[in-house]
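J.: generate a structure from the sequence data that follows.
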Amino acid sequence: MCADNTAAGLSVLAACTSDVRLWYMQNGLQLNPDKSESLIVGTSPQLKQAIPVVPSVTVAGVNLQVAEQMKVLGVVLDQRLTFEKHATAVAKSCNYHAQAIRHIRHLLTLDLAQTLACSLILSRIDYCNALLHGAPAATIHKLQRVRNNVAWIVVQAPKRSDAKPLLRRLHWLPVEQRITYKTAVLTFKIRNTATPAYLNRHIQSRDCVRNLRSSGTPLLARSSWKTDFAVCGFRHSAPAVWNSLSSKTVLDGSSLTLFKSRLRSHLFHMAYNDRQ
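T.: Residues are numbered from 1 along each chain as shown. Model prediction:
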């Protein structure tokens, strides 16, 4: 809903959820709206305008208090979509497992320690990380500190040592490049399969009117945005990430396996300034 038309948007939401509850009842199902949560998402000016006049949201006849955060499929969403609280929750969980690995590290080989780190910790950092494109640097840095800490534990290096050479030795991409990797792979799948449709409609190839050097590169059209809040949207993150890749990486006709290999080499080069 729009911040300047909150009442109408809430009215539509209440009517739609009531119809959904009725459909559930007619088909022998039950909807529990009192177990739902409500969250208002927007920019700072929009939140200042909407929150005072919307203390609660009506869903299927039940008034729900507006929350400051909401957990959906393991991702903590906040009102500004900074994902700061999500990063804090992930870091807390990862640090617990990192300390467990630290206690038994002297009993493990390097390969086994790396396997445990990837399965218990790095997988948590990578979970739904495509949502973090455009997130504040402080959010990304919080997750990067966890990744650095795990590298120190796996390699058994002093904690004051530079983490970048250790990450390079383990062939681990930094968090920012991992976000780019996940977004690029998702964009590649959508371009080649046109699914899911709700994401495919947000990307389209860019038509080059003039004959430029980039005309042969399959670039995506980029739409303009007025706020940093909009950068988190897929319609902006997908073209931004895709167009930033090298022409060799996004070459048409590549299989997914070949694309992933080229993409990882490209991002590794960008992160550690290695030769491709």
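J.: Ser11: what secondary structure?
T.: Secondary structure, DSSP: H, G, I helix; E, B strand; the rest coil: Ser11 is helix.
J.: ok, it - how many residues close by?
T.: A total of 12 residues lie near Ser11 under the criterion other CB atoms under 10 Å. C-beta: built from backbone N, CA, C; applies to glycine.
J.: what sits against it?
T.: By CB atoms under 8 Å, 6 or more residues apart in numbering, the contact list for Ser11 is empty.
J.: model confidence for it, exactly?
T.: pLDDT recorded at Ser11 is 84.
J.: so where's the stretch 151-276 of the chain uncertain?
T.: Applying pLDDT under 70 to the stretch 151-276 of the chain flags residues 206-217, 225-229, 252-253, 274-276.
J.: what about the helices in it?
T.: Counting by DSSP state H, counting those that start in this stretch, one finds helices in the stretch 151-276 of the chain at the ranges 163-170, 175-193, 197-200, 234-244, 256-272.
J.: give the buried residues for the second one.
T.: Put plainly, it is helix 175-193. Residues 175-191 are the ones in helix 175-193 that count as buried (16 or more other CB atoms under 10 Å).
J.: one more: the third one?
T.: By neighbour count, and taking 16+ other CB under 10 Å as the criterion, the buried residues in helix 197-200 are Leu199.
J.: other SSEs contacting that helix?
T.: helix 175-193 (3 or more CB pairs under 8 Å, 6 or more residues apart in numbering; DSSP states H and E).
J.: what are the contacting residues of the helix it packs on?
T.: By CB under 8 Å, 6+ apart, the list of residues contacting helix 175-193 from outside reads 125-126, 129-130, 132-133, 140, 143-144, 147, 173, 195-196, 199-200, 203, 218, 220, 237-238, 241-242, 244-245, 250, 256, 259-260, 263-264, 267-268, 270-271.
J.: list buried residues within the residues you listed.
T.: 125-126, 129-130, 132-133, 140, 143-144, 147, 173, 199, 203, 220, 237-238, 241-242, 245, 250, 259, 263-264, 267-268, 270-271.
J.: quick check: which element contains the nearest residue to Val76 once chain neighbours are set aside?
T.: Excluding the flanking residues, the one nearest Val76 by CB to CB, 6 or more residues apart in numbering is His86, at 3.9 Å. Assessed by DSSP states H and E, His86 sits inside helix 84-104.
J.: and Leu116, what does it touch?
T.: With contact set as CB under 8 Å, 6+ apart, Leu116 has these partners: 101, 108.
J.: scratch that, Ala89 is what I was asking about
T.: Contacts for Ala89 (CB under 8 Å, 6+ apart) come out as Val76.
J.: break the chain into its domains for me.
T.: Following automatic domain parsing, one gets these domains for the chain: 3-67, 80-172, 177-272.
J.: circling back: wait, the residue nearest to Val76 sits on Leu77?
T.: Yes. Assessed by CB atoms under 8 Å, His86 is found in contact with Leu77 at 7.4 Å.
J.: more neighbours, the two?
T.: His86 (25 against 19).
J.: how about the residue positioned nearest the centre of the chain, what does it touch?
T.: Centroid-nearest residue in the chain, with CA atoms, centre = their mean: Leu131, separated by 1.8 Å. Neighbouring residues of Leu131 by CB under 8 Å, 6+ apart: 75, 83, 232.
J.: with those in mind, which one is nearest to Ala100?
T.: Nearest to Ala100, judged by CB to CB, of the contacts of Leu131 is Val75 at 23.8 Å.
J.: got phi/psi on the closest one?
T.: phi -110, psi 130 (degrees, to the nearest 10).
J.: from what I can see it touches Val90, true?
T.: No. Under the criterion of CB under 8 Å, Val75 makes no contact with Val90, lying 9.3 Å away.
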